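Peer 1: Sharing a model that was predicted from the sequence below.
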Amino acid sequence: MSTATEFAHTRPADQLDELISRLGTGRGGDRAIAAQVAAAAARRRRQLHIQITGRALSGRTTVLDALALLSAQETEPVDQPEQPDPVLDGDLVIYVLAGSPQAADHRLLAAVPAGRGIVVLNKADAVGARWSEAVGAAQRLAQELRMPVVPIVASVAARTRAGAVDAADLSDLRRLAVGPDVPSVLAADLFIGSGSDQDARRRLIAHWDLYGVDCALSALRADPDLPASAIIQILHSASGIDPLHKLVHRRYEQVEAVRGGELLDELVRLAARAMPGDGGRARELIQQYLAGDEALWAGLCAGLACPQVSHLAAGYPSPAPADADEALSRATRWRAVVSSDMPPAARRAALRVHNGYVRAWERMSSAGL
């Protein structure tokens with residue numbers, strides 16, 4: 001493992017647990033601070049809470065099934081008569097729309113903290129005749145809502161996750177794709193028609209939705225010999241779920257990074273409040289931890305996740321630099337950012353990034369000697 005990778009993947013328990021242990025073996029003042037550090041560490045390590053919400057019939061349950069997130073929870077529907085709106089207090093809120101946002105949608109989305117919300121434009125196949133029209137609608141919504149918006153067809157995504165194209169479905173799809181009478185996919189009734197194979201057509205829609213059937217037929221017309229596994233991959237891609245997965249993963253990492261920064265802030269406060277005497281040792285131990293690799297890497301990640309400066313790292317393929325030269329280049333750049341005119345929170349974030357890259361440069365330079 002390279003020095004950069006070692007620095008970037010410092011195990012998140014080792015140095016912090018060692019700090020708690022050493023504080024706990026001290027006298028009264030140290031043990032009291034140890035309890036506060038342990039409580040802060042527990043808050044940092046708790047599982048992230050992801051909420052999936054939206055109006056009734058927007059497809060919340062289907063989006064939940066399509067994403068298959070273990071820590072996600074579906075809320076009650078939004079704006080139900082005589083029912084309170086759900087409290088959106090999750091670490092990450094995935095808001096499902098199946099059309100234009102209404103007043104209640106705007107009200108709830110406005111209460112989601114910056115960086116913690118994602119909007120899913122579900123049933124994107126109904127937005128227009130082409131996927132590009134759904135993408136355009138999502139982009140317009142993103143400007144309106146000031147939040148990322150991803151178009152998907154959750155019903156198809158959930159089916160590709162839960163099952164496969166069985167032999168009967170594949171046989172019927174191939175027959176319909178290459179037959180003399182191309183079935184209409186403009187509406188379910190038109191696709192089912194009045195022929196002798198109505199049951200087979202109904203089964204295809206029940207299994208893959210009309211949009212999925214349309215995608216599968218188009219693929220088979222281009223290549224009639226496609227195997228079932230290839231059709232599943234095509235349907236999965238056509239559902240739009242992969243961009244949503246990537247965005248959720250990136251936001252998950254950002255929220256985790258922000259939590260790491262909050263832990264560091266709490267440790268700084270505890271060190272500052274440590275009283276002389278017993279507290280002097282506690283202050284020294286906390287400061288030693290804050291100067292260590294684990295804390296510096298957590299600070300770097302938290303700084304990069306700060307909304308006020310995150311755009312400055314938009315071109316980084318990874319938070320970890322590839323080599324010592326890149327680490328030094330990034331450290332120099334962020335030192336200039338620290339020196340610029342910016343709010344205190346942004347300056348603190350930039351300083352953490354700078355300090356983290358300085359440590360990476362030190363580690364990588366010494367390893368290359």
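Peer 2: Okay, I see it.
Peer 1: quick one: low-confidence parts of the chain?
Peer 2: In the predicted model, the chain carries pLDDT under 70 at residues 1-13, 27-29, 275-279, 368-369.
Peer 1: ok, now with 80
Peer 2: 1-13, 26-30, 162-163, 179-182, 274-280, 367-369 (pLDDT under 80).
Peer 1: show me what contacts the residue nearest the centre of the chain?
Peer 2: For the chain, the residue nearest the mean C-alpha position is residue 248 (2.0 Å; Cα atoms, centre = their mean). By Cβ atoms under 8 Å, 6 or more residues apart in numbering, the residues touching residue 248 are 50, 67, 69, 92, 94, 118. Heads up, the C-betas are built off the backbone N, CA and C, glycines and all.
Peer 1: Closest one of the residues you listed to residue 199?
Peer 2: Nearest to residue 199 among the contacts of residue 248, counting by Cβ to Cβ, is residue 67 at 32.2 Å.
Peer 1: Number of residues surrounding that closest one?
Peer 2: 21 (other Cβ atoms under 10 Å).
Peer 1: how close does it sit to residue 157?
Peer 2: Residue 67 sits 8 Å away from residue 157, going by Cβ to Cβ, to the nearest Å.
Peer 1: list residues touching both of the two?
Peer 2: Residues touching both residue 67 and residue 157 (Cβ under 8 Å, 6+ apart): residue 241.
Peer 1: Quick one: classify residue 321 as helix, strand or coil.
Peer 2: Of the three states, residue 321 takes coil under DSSP: H, G, I helix; E, B strand; the rest coil.
Peer 1: Pull the contacting residues for it.
Peer 2: By Cβ under 8 Å, 6+ apart, residue 321 lies in contact with 4, 327, 330, 357, 360-361, 364.
Peer 1: Sort out which of the residues you listed are in helices and list them.
Peer 2: Counting by DSSP state H, the part of the contacts of residue 321 found in helices is 4, 327, 330, 357, 360-361, 364.
Peer 1: Closest one of those residues to residue 41?
Peer 2: Comparing the ones in helices among the contacts of residue 321 against residue 41 with Cβ to Cβ places residue 360 closest, at 24.0 Å.
Peer 1: any chance you could map the helices in the stretch 201-350 of the chain?
Peer 2: Assigned by DSSP state H, counting those that start in this stretch, the helices in the stretch 201-350 of the chain fall at 228-238, 241-273, 278-290, 293-305, 324-339, 344-367.
Peer 1: Rebuild the ones you listed as a markdown table, extending it with distance to residue 135.
Peer 2: Shown next, in a markdown table, are those (distance: least, Cβ to Cβ, whole Å):
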| stretch | distance to residue 135 |
| --- | --- |
| helix 228-238 | 13 |
| helix 241-273 | 10 |
| helix 278-290 | 45 |
| helix 293-305 | 27 |
| helix 324-339 | 33 |
| helix 344-367 | 32 |
